[in-house]
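Undergrad: what follows is a predicted structure for the sequence shown.
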Amino acid sequence: SELFSFKAADGETDLYGMLSKPSNFDPTKQYPLLISVYAGPGSGGARETFRIRSALTEYGFLVASLDSRSAGGRGKVFLDAIYEKLGIVEIDDQAAGVKALRERSYVDGERVGIYGTSYGGYASAMALMRYPDVFQAASAASSVTDWRHYDTIYTERYMWKPQENTSGYDEGSVMTYVDNLEGSLMIYYG
């Protein structure tokens with residue numbers, strides 16, 4: 001796996017990602033890209049440690065995990081970027097990471113999928129809806145689709161109260177962007 005850096009959607013903040021390649025990787029060929037995502041507040045960031053590459057690479061995929069400004073370990077000011085804006089900043093950063101990877105000749109930017117569970121399922125659905133020019137497919141497992149329907153002890157910690165952050169809740173709802181759906185979306189629970 002390769003640790004790489006890219007600029008966040010704000011064009012200033014340095015973020016990191018991990019990219020895994022097939023064992024028979026050929027830099028003269030193009031490969032579809034899968035993004036494995038969680039992206040929730042304080043989530044684990046990309047770091048250079050030993051890890052077994054995703055088995056999906058052996059099916060001919062590049063598989064990447066991308067930081068966003070929701071990553072933990074970078075301080076409160078860093079994490080404040082997502083306060084009252086879940087589904088916006090961290091999704092913008094996932095798209096920025098894919099755009100950076102698309103500059104590599106071996107990344108097929110027309111075949112990009114994203115998948116995750118729980119917050120990762122939410123991030124997957126939001127990425128597909130908000131960035132149909134970047135993502136062509138998403139698998140959203142056990143995802144939140146609207147923060148108004150999730151538990152308050154978690155949600156209000158990051159989004160405040162729906163009555164006092166109506167625009168944040170609206171902008172963070174997958175349903176707000178459903179008319180943008182162009183790619184393939186699989187939603188499942190269990």
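TA: That came in fine, so what should we check first? Please read these numbers as outputs of a predicted model, since none were measured by experiment. Residues are numbered from 1 along each chain as shown.
Undergrad: starting at the chain centroid, how far to the helix or strand of the chain with the lowest mean pLDDT?
TA: The helix or strand of the chain with the poorest confidence is helix 76-79; it has a mean of 88 (mean pLDDT, DSSP states H and E). Relative to its chain's centre, helix 76-79 lies at 18 Å (C-alpha atoms, centre = their mean, to the nearest Å).
Undergrad: how about stretch 70-83?
TA: Chain-centre distance of stretch 70-83: 15 Å, with C-alpha atoms, centre = their mean.
Undergrad: kindly report the same for stretch 59-70.
TA: How far stretch 59-70 lies from its chain's middle: 8 Å, per C-alpha atoms, centre = their mean.
Undergrad: buried set for it?
TA: Buried residues in stretch 59-70, counted by 16 or more other C-beta atoms under 10 Å: 61-70. In short, each C-beta sits where N, CA and C put it, glycine included.
Undergrad: cool, stretch 111-121 as well?
TA: Using 16+ other C-beta under 10 Å as the test for burial, stretch 111-121 gives 112-117, 119-121.
Undergrad: packing partners of the longest strand anywhere in the chain?
TA: Secondary structure of the chain per DSSP state E: the longest strand is strand 107-117. Counting contacts by 3 or more C-beta pairs under 8 Å, 6 or more residues apart in numbering; DSSP states H and E, strand 107-117 packs against strand 31-36, helix 89-101, helix 119-130, strand 137-141.
Undergrad: which one, of the ones you listed, ends up nearest to Trp160?
TA: Closest to Trp160 of the helices and strands packed on strand 107-117, according to C-beta to C-beta: helix 89-101, at 15.5 Å.
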